[in-house]
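*Asks:* Show me how the following folds:
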Amino acid sequence: MKPVAKWAANARRFTFQGWPIAYWTSRGKPDLPLLLLIHGYPTSSWDWTALWPALKGRFRLAALDMLGFGLSAKPRKHVYEIAQQADLQEALLEHLGEGAAHILAHDYGVTVAQELLARENEGALSFAIRSVCFLNGGLFPEAHRPRPLQKLAASPLGPLVGLLMTKARFSDAFAEVFGPDAPPSAEELDGHWRLITEGGGKAVMHKLLRYMVERRANRARWVGALSATRAPLHLISGAADPVSGRSVYDAFPEHAPDAGAVSLDGVGHYPHTEAPAAVAEAFFAFHDAFSDGPRSDFAAS
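*Replies:* I've put the predicted structure just below:
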């Protein structure tokens, strides 16, 4: 991954509903398609730096830190909602003057992508979705397996959990969701902790977990968006992920029968940092398939 200090130094900013938002773009050829990268919880767009060099050869890239994450604003007296995070993605494309994008989303970001799909299905999205590829995330609330610390942070004790969180506690919990083949390095853990705690982030970590409640309340809308969309869909799943690995992979064909899926053995919840070469290979194969034919040409067997 790119050194976090260099990544932070390259951040650009725009204002969304009065809050400063950090974002990054690549300098690809103007005729390359745009790929919107949507990060997960509790991390940030820094996650994408392991994949960034491979992706930018075939796409122009855009990524932001969502409200409450990374280098973006983290208002304490705020109700964090998926709908607003989807509004933010739309605002970024408007800011960049883009009318269409492919999407690659992880974890919390898959739910944001599902809301964007639902809006496009309704004819209410401000840009066209060319395709969506999901990495590990709770696409189906019944298949999501939150960790004990997440459950505790989502409880009434959430503010106290954030207050008492230390880098050591975070590192131990974070490492548990990685596969055996590529545990997070000390530098990676340090970088994530820096970005999580930036701007008083410990005080809002529990607030961001509201997405677990929203997933259950909006299940019909967000799961239904997968079967209703005409955009090509794909799943790249780390099989060793205890949160949203095999359980989500097994449920995916039922809800997205025309989509493809790839399972990566020995890879955990962060496939794009654990196995970036394998993720890039699977992602490019997905794009090569649908660019040469209809969705049925790359459907899972």
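
*Asks:* what residue ranges in the protein score low on pLDDT?
*Replies:* 148-149, 151-153, 157-158, 292-301 (pLDDT under 70).

*Asks:* what residues are up against the residue lying closest to E274 once chain neighbours are set aside?
*Replies:* Distances taken as C-beta to C-beta, 6 or more residues apart in numbering place A182 nearest to E274, at 3.9 Å, with adjacent residues excluded. To be clear about C-beta, it is placed using only N, CA and C from the backbone, and glycine gets the same treatment. A182 makes contact with 267-268, 273-275, according to C-beta atoms under 8 Å, 6 or more residues apart in numbering.

*Asks:* A182 looks like it's in a helix, true?
*Replies:* No: looking at A182 with DSSP: H, G, I helix; E, B strand; the rest coil, it is coil, so not inside a helix.

*Asks:* Adjust the sequence numbering to begin at 4 for everything that follows.
*Replies:* Sounds good: first residue 4 from here, last item A185.

*Asks:* and the gap between it and P144?
*Replies:* Distance of A185 to P144, computed by C-beta to C-beta, to the nearest Å: 28 Å.

*Asks:* so which strand or helix has L95?
*Replies:* Taking DSSP states H and E as the criterion, L95 maps to helix 85-99.

*Asks:* Please identify the buried residues of that helix?
*Replies:* Neighbour-count burial for helix 85-99 flags 85, 87-92, 94-96, 98-99 (criterion: 16 or more other C-beta atoms under 10 Å).

*Asks:* and it, what does it pack onto?
*Replies:* When contacts are defined as 3 or more C-beta pairs under 8 Å, 6 or more residues apart in numbering; DSSP states H and E, helix 85-99 sits against strand 15-19, strand 22-28, strand 37-41, strand 63-67, helix 111-124.

*Asks:* between the ones you listed, which one is nearest to E201?
*Replies:* strand 22-28 (9.6 Å; C-beta to C-beta).

*Asks:* got the angle between that closest one and strand 15-19?
*Replies:* Following axes from the mean of the first three to the mean of the last three C-alpha atoms, to 10 degrees, one obtains 140 degrees for the angle between strand 22-28 and strand 15-19.

*Asks:* Now do the strands in the chain.
*Replies:* 15-19, 22-28, 37-41, 63-67, 103-108, 131-137, 236-241, 263-267 (DSSP state E).

*Asks:* the longest helix in the chain is where?
*Replies:* helix 279-295 (DSSP state H).

*Asks:* Can you dump the C-alpha atoms of that one in PDB for me?
*Replies:* Written as PDB, here are the backbone C-alpha positions of helix 279-295 (Å, rounded to 0.1, in the frame of the first residue of the first chain):
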ATOM      1  CA  PRO A 279      -4.400  -7.300  -5.000                       C
ATOM      2  CA  ALA A 280      -3.000  -9.200  -7.900                       C
ATOM      3  CA  ALA A 281      -5.800 -11.900  -7.700                       C
ATOM      4  CA  VAL A 282      -8.500  -9.200  -7.300                       C
ATOM      5  CA  ALA A 283      -7.200  -7.200 -10.300                       C
ATOM      6  CA  GLU A 284      -7.100 -10.400 -12.400                       C
ATOM      7  CA  ALA A 285     -10.700 -11.300 -11.500                       C
ATOM      8  CA  PHE A 286     -11.900  -7.700 -11.900                       C
ATOM      9  CA  PHE A 287     -10.400  -7.400 -15.400                       C
ATOM     10  CA  ALA A 288     -11.800 -10.800 -16.400                       C
ATOM     11  CA  PHE A 289     -15.200  -9.600 -15.400                       C
ATOM     12  CA  HIS A 290     -14.900  -6.400 -17.500                       C
ATOM     13  CA  ASP A 291     -13.400  -8.200 -20.500                       C
ATOM     14  CA  ALA A 292     -16.400 -10.700 -20.400                       C
ATOM     15  CA  PHE A 293     -19.200  -8.200 -20.400                       C
ATOM     16  CA  SER A 294     -17.500  -5.800 -22.800                       C
ATOM     17  CA  ASP A 295     -17.500  -8.600 -25.400                       C
END
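
*Asks:* Kind regards, and thank you for your time.
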